[in-house]
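Visitor: Model the structure of this input:
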Amino acid sequence: MDSDRNRGDICVYDVKKCEEPSSGPHLSSEPSPQPDPKSYRVPSLVPALITGIKEIEWGSNAAKRPWAGRRKIHASDIRDMSHARELSASSLVEHRLNIDQIRDIHPHSCIDVDDPELSEGLSREEAKSRLAEGGTNKIDPPKEPHHMMVFLSQFHSKLWMIQTAAAILSIVAFVITHYRGHGDILNLYSAAILFIVVGSMYYLSFRQERKARAFLQTFEKKLPEKTIVIRNGDEKAVDVEQLVVGDIVVIRCGSRIPADLRILKSKGLIIQSAEVTGNEMPIECSAEMAESGVTALSATNLAFKGSYCIEGDGIGIVLRVGKYTVLGGIAQTHQHIPPPRGKLETELSQFVHFILILAVFMATSVFLIGCYVTSFQNTLDHFMYGFIVIVIANIPQGLPATVMCELEIIARKLSQKNVCIKRLELIDELGAATVICSDKSGTLTMNDMAVTDVWYNRRLASADRRLVRSAQASAGYLIEKPLPDILSVMCVCNRAQQEHGNRAARRKHSSRFPATRASSEAMTTIGPSFSASSLSGDLERGGMPRKKFTVCDPETGNESTAAMKRINNLLIPSETSADFTAHPPHHGGPVQPRRKKKARIIGSASDVALAEYVELYASLAAIRERYYIVYEVPFNSVRRWQLVVARCLADTQGGVSDHLPVPPTGESRFVVMMKGAPEVILARCSKRKENGDVTDIDEGFTNDCQSTWESLGNEGRRVIAFAHRYFNAPSDTRFDGEGAGLWKEGSLTFLGMAAIMDPPRPESAQAIKQCKEAGIKVFVITGDHPTTAKALAVQIGLISGRIDNPNKDWTVVTGDQLNEYGKEEWDALLKHRYIVFARTNPEQKMTIVQECQKRDETVAVTGGGIADIVLLDDNFATIVSGIEEGRLLFDNLRLSLAYTFAHLWPEVFPIMLTYLVGVPRGLSQIQILSIDLASEMPPAISLAYEQPEKDIMKRPPRSRKSKLLSKSLLFYSYIVMGSTMTCGCFLAYMSVFWYHGIFLTDIVFTAEQYWKEGAENFTTASGNLTLSEGDQLKIKGEAAAAWQITLVLAQVFHLYNCTTRRISIFSHGIGNVISVFASIIEVLLLVTFVYTSGPQYILEISPPPAHVWGIAPVVGVVILVYNEVRKYIIRNHPSWPIVKLIKW
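Guide: Purely as a prediction, here's the structure:
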């Protein structure tokens, strides 16, 4: 098969145009009569000639150009999204083919036209060959940009653009001053350092982005999507990427459509394909051929890749895979559209704008004031040392690297906790969640269900495996009626399957065990020699069954004897389907049971539980072989029931089913079986079966049923009821049409109920407790009965269960009640912190989420759908862990900002003093760069590794309106910490002058003439001290070093006060080893700068007097005291007005 043909594209031409492709295979211009679809086979992937479509044979020329006739879609051809969809679906024609013609196009798929569920599918060898030739079923993501393009994209950062501009201006200033004959080499140094810094930041950011991209790609490997296909007659779970054209796909409720499919069989199949077709309404699918003129996007017999099955199930054949699907075509037109920006990205962008505006405003103000004070003399110097330096001082150099590092660290933590993040910036939004809407089964519970009790004959019977086995081992054990009928409904009205069973074979073979009254009686005498039928007596005697049977063919209803051998084999439970196998007894002694390995049963948890209970008594295969299912309505959360109609394939001679006569010639015996919510099933029944007798349902029986299911529900059990009805009907009746009226509402016979227990996860209660302490609302959304859902909520500690408490903050609501709610009712309902929504469907779940969002809630939802945050274990505790990590991200980013902003004012203030008061410069631009890039960056990044505070999950969620850069944070960093450090630095600066006998009044307005190279001798105001040029430069260098020492060491103390926002540092401790090493590096760099000749020359500093080192600890103590008092007030007096100002 041609590789491109295997990808699923079929080239077609319109017969009405009667045009022949210029370089394609020869086509006759004369229209041909439509052939009989069954009279031909098309060996190559080509459709037959049907109305409006001409067959195209793949010749040698076409093989060279297999895509001849298909126009390539370019982005420039797209007018709008609707047009893009139409172009992408333009090559699909299979919706106008019937199933016979589909079978002829795909002969290797071995499609069973009468019942596609019985199709054999592709062979493994054929599927492997097609996969090798045609490629995988994968829509290639947008092409990863080249490394050079990623590197160049880093230049878009506004923070670094302004630094690059500052470097260029420094060079310009150096050139101008050099041209005038007094060029300052420090300008050149400053420019070189800025270029090195910017280049290093570009590289680090580029490297960090590459790591983030690679890390996100590892998430894709953690999310292998599976789908069920039929190959070689077996159902098999395969990776979606392994699908090939011609695969038979099993579509189930809740599953994602893995490729473009042609529906071959629909059982109430409803597909939501809004994102692919643009149709907001779900589509009820069918397998019927579309009428002429119906487009592919409007056809009801096609399902497109990326859609979701929201109800029912069905069978489909793969038409297109990968980039050749409609979704793939749409994706190609969207590769140039950037993804939407997250809240974190938006806030960071706003923060950068704020910093740039602040820096330019402050630099411009200082520059103009300085020029005015000096009567606009030395304007160029003011620009270089005022404007440029202040801009540099205001920019947090390492912020982008810190943010990327923070995101990656948190994402790795989440990955270890089974939370996969597809977009890193969404971590913050998860941390801001105020409401969790959680499913019940599998999320709060273990999804490991088991039948605990069965209710029939108005009493409960335990389903404990040991008790059942013990009873079966007793002599003369009899199954009490109507338990055999209940077991039959449990088995047949059930979609669970044995893992290695051949589904097609189970449905295809016509031999079935009798399904009539006699068959029910056949299950009532199981003795020590275990059997699945009334033949136990014969088996006890070591012989084969002696009762005579009439076995009916599933297609004709006539007698069939060919299957008797299979029945005889199935009557004895197989070694793979029962826990114990029966063997002919030894002479003189009872049979000793022998334990065998049991085949695993797969399916929904409730169906598996029922199937495992059936296997305590009989073989699943043995019971299912008695029926041929002709119609099925799958379970969904709206109607809350499942129904099957089956033809009874075996009946004892002269036997009756519920007193029905033997069906005459041309008719067959059918049975309708239902299971579902007990209140729904009971409403459809008019009869009940007790001890084998069928009687009318009266009020007393109804009350007994209701009290039973409510009692079981209060114990946390899920209750499922069972009913059936036998009837005779023509053998060829179609039950999806007029035949549906053969059983009427209220005409069924109620059999009994089963209680299923799904134990809660051990960690769910602790996770619920964490949510309560964290102020997070928890809504449990389930389809279970209110009593069952409420009981689970009580077990996990979500609600108290006491309804007499007037201040209770919980409630239980059903889906039917939600349908009647208006705005006022929703307002009142959502004021509750904990709500159990019972008997709800997916649409109501979406309504709940939307109503929460209307009230400014941030909602975390579990369940199906396309998500950027995926839980690999569907565990409620994992959601809570994700929220904790999201909160930690926000906290640590704020810690980094608080730490970084605190040193900006101490860097700007000495420059302002120089140009406003005329004192010698306390910091040069090179010193500022050394502080920002060498000393301060490691500690700022180390805060990304900080552990969460002990109360991180004991405080309420932050408001949606809260900003990363809040006013209180600015007040803390700029006003409080910045001013405190500035005072300490100024004190250290002046202490150097005091040490040399110089006072503040001596140095005011002296910077223009003194304290620089070429300066004249400086004499103090008292006249007692005269300093030469060298003495002036030495004292100025010592004062500058004192300012730098005090600032850096004060930040070391501040670093550990920034590790928490609410908890005392003494309680939190110092557990971040990274911050310890960062502090050591910071101090070592400082000592190197101050006491090494090379850095001294570049920074223009000198070693200061020893007392300078004692000023910084005093500043650190002040910082510590302030922060401890601030945190104490926040923790213990949160209602005080001052808290709004000091809490960040």
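
Visitor: alpha carbons only for contacts and neighbour counts from here, please
Guide: Fine.

Visitor: Which residue, other than its chain neighbours, is closest to residue 306?
Guide: Using C-alpha to C-alpha, 6 or more residues apart in numbering and skipping residues adjacent in sequence, the residue nearest residue 306 is residue 257, 5.7 Å away.

Visitor: Report whether the expected contact of that neighbour with residue 313 is present.
Guide: No: in this structure, residue 257 is not within contact of residue 313 by C-alpha atoms under 8 Å, at 11.3 Å.

Visitor: between these two, what contacts are shared?
Guide: Counting by C-alpha atoms under 8 Å, 6 or more residues apart in numbering, the shared contacts of residue 257 and residue 313 are residue 251.

Visitor: related to what we said a few turns ago, near the residue nearest to residue 306, how many other residues are there?
Guide: Using other C-alpha atoms under 10 Å, residue 257 has 24 neighbouring residues.

Visitor: so who does it touch?
Guide: Neighbouring residues of residue 257 by C-alpha under 8 Å, 6+ apart: 251, 303, 304, 305, 306, 307, 308, 309.

Visitor: now with 10 Å?
Guide: Shown in contact with residue 257 (C-alpha atoms under 10 Å, 6 or more residues apart in numbering): 227, 240, 249-251, 271-273, 303-309, 316.

Visitor: By neighbour count, which of these wins?
Guide: Busiest of these [other C-alpha under 10 Å] is residue 303, holding 32 neighbours.

Visitor: and that one, what does it touch?
Guide: Residue 303 is in contact with 251, 257-263, 270-273, 276-277, 283, 285, 296-297, 309, 316-319, counting by C-alpha under 10 Å, 6+ apart.

Visitor: Strands - which of those land there?
Guide: Assignment to strands by DSSP state E places the following of the contacts of residue 303 there: 251, 260-263, 270-272, 283, 309, 316-319.

Visitor: of these, closest to residue 915?
Guide: residue 272 (68.3 Å; C-alpha to C-alpha).

Visitor: And the pLDDT for the nearest residue to the closest one once chain neighbours are set aside?
Guide: Closest residue to residue 272 apart from its sequence neighbours, by C-alpha to C-alpha, 6+ apart: residue 282 at 4.5 Å. pLDDT, the model's per-residue confidence, is 80 for residue 282.

Visitor: So residue 664 versus residue 734, what's the distance?
Guide: Taking C-alpha to C-alpha, to the nearest Å as the measure, residue 664 falls 18 Å from residue 734.

Visitor: what's the answer for residue 971, then?
Guide: According to C-alpha to C-alpha, residue 971 stands 77 Å off from residue 734.

Visitor: out of these two, which sits in the busier spot?
Guide: Ranked by neighbour count (other C-alpha under 10 Å), residue 971 and residue 734 place residue 971 first, with 18 against 12.

Visitor: And what about that one, helix, strand or coil?
Guide: Following DSSP: H, G, I helix; E, B strand; the rest coil, the label given to residue 971 is helix.

Visitor: And for residue 406?
Guide: From three-state DSSP, the assignment for residue 406 is helix.

Visitor: Identify the residues contacting it.
Guide: By C-alpha under 10 Å, 6+ apart, the residues touching residue 406 are 400, 424, 888-890, 892-893, 896, 941-946.

Visitor: go again using 8 Å as the cut-off
Guide: By C-alpha under 8 Å, 6+ apart, the neighbours of residue 406 are 889, 892, 893, 944, 945.

Visitor: Out of those, give me the one that has the most neighbours.
Guide: Result: residue 944 is most packed of these (other C-alpha under 10 Å), 28 neighbours.

Visitor: Surely it is within a helix?
Guide: Yes: under three-state DSSP, residue 944 sits within a helix.

Visitor: ok, the residue lying closest to residue 270 once chain neighbours are set aside to residue 299 distance?
Guide: In this structure, residue 270 finds its nearest non-sequential neighbour in residue 284, 4.4 Å apart by C-alpha to C-alpha, 6+ apart. Using C-alpha to C-alpha, residue 284 is found at 10 Å from residue 299.

Visitor: So if I had to pick from those two, which one is more boxed in?
Guide: For residue 284 versus residue 299, neighbours defined as other C-alpha under 10 Å are more numerous around residue 299 (21 against 16).

Visitor: Now do the SS call for the more buried one.
Guide: coil.

Visitor: And for residue 383?
Guide: Following three-state DSSP, residue 383 is assigned to helix.

Visitor: what helix or strand does the nearest residue to it once chain neighbours are set aside sit in?
Guide: Excluding its sequence neighbours, the residue lying closest to residue 383 (C-alpha to C-alpha, 6+ apart) is residue 367, at 6.3 Å. Residue 367 is part of helix 343-373 when elements are defined by DSSP states H and E.

Visitor: elements contacting that helix?
Guide: Judged by 3 or more C-alpha pairs under 8 Å, 6 or more residues apart in numbering; DSSP states H and E, helix 343-373 is in contact with helix 158-179, helix 379-382, helix 389-394, helix 426-431, helix 904-916.

Visitor: Buried deepest among these, which one?
Guide: Mean neighbour count (mean count of other C-alpha atoms under 10 Å) peaks for helix 389-394 among the helices and strands packed on helix 343-373, with a mean of 25.

Visitor: Touching that one from outside, list them.
Guide: Residues outside helix 389-394 that contact it (C-alpha under 8 Å, 6+ apart): 163, 166, 355, 358-360, 362-363, 904, 907-908, 911, 924-925, 928-929, 932.

Visitor: Show the contacting residues for the residue nearest to residue 272.
Guide: 270, 271, 272, 273, 274.

Visitor: mind pulling up the phi and psi values for it?
Guide: phi -60, psi 150 (degrees, to the nearest 10).

Visitor: And residue 460, by the same measure?
Guide: The phi/psi pair for residue 460 (degrees, to the nearest 10) reads phi -90, psi 140.

Visitor: May I have the beta-bridge partners of it?
Guide: Residues in a beta bridge with residue 460, per DSSP bridges, are residue 455.

Visitor: Do I have it right that it meets residue 453?
Guide: Yes: between residue 460 and residue 453 there is a contact under C-alpha under 8 Å: 6.3 Å.

Visitor: Helices of the stretch 851-1000 of the chain, residue ranges please.
Guide: In the stretch 851-1000 of the chain, the helices defined using DSSP state H, counting those that start in this stretch lie at 876-902, 904-916, 925-929, 937-942, 967-970, 978-995, 1000-1003.

Visitor: Perfect, that will be all.
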